[in-house]
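Student: got a sequence here, can you build the structure:
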Amino acid sequence: MFALFLSTTSVNTLAIIGFGGPMELTVVAVIVLVLFGNRLPGAAKSLGQSFSAFKKGIKEGSEDEDKEEADKLDSKD
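Tutor: Numbering: from 1, shown residues only. Here you go, the predicted structure:
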C-alpha cells in the first residue's frame, strides 16, 4: 500500500527519510568528501577506464556484427 501511495503522488522520497533540502544534502556531501576524499581520484580513474573499455567493447561488437552481415550477404550471391 505504501508503494502505491508513492507511485500515485509526487512525494519526494528523500523528504520521507529526512533529507528534505539542499542544506542536508550539502552536509552529506561534505561528510562523504571528508571520509572518502583520498580515494576519489583512484575511483574516478577506475570509472573512466571502465567506461573506455565498455565503449571499446560496444564498438568492436558492432564491427563484428557488420562483418558477419557482410559475410552473409556475400555468401548468398
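Student: ranges for the helices of the protein?
Tutor: 2-8, 13-16, 22-36, 40-76 (DSSP state H).
Student: which pLDDT does the model give residue 67?
Tutor: Listed pLDDT for residue 67 reads 76.
Student: what separates it from residue 28, distance-wise?
Tutor: 49 Å (Cβ to Cβ, to the nearest Å). Any C-beta I mention is one placed from the backbone N, CA and C, and that applies to glycine too.
Student: what does residue 35 give?
Tutor: Separation of residue 35 from residue 28 (Cβ to Cβ): 11 Å.
Student: then residue 74?
Tutor: Using Cβ to Cβ, residue 74 is found at 59 Å from residue 28.
Student: who has more neighbours, these two?
Tutor: Taking other Cβ atoms under 10 Å, residue 74 and residue 28 do not tie; residue 28 has more neighbours (11 against 8).
Student: can you give the domain ranges for this protein?
Tutor: 1-37, 49-77 (automatic domain parsing).
Student: lowest-confidence stretch among these?
Tutor: domain 1-37 (a mean of 71).
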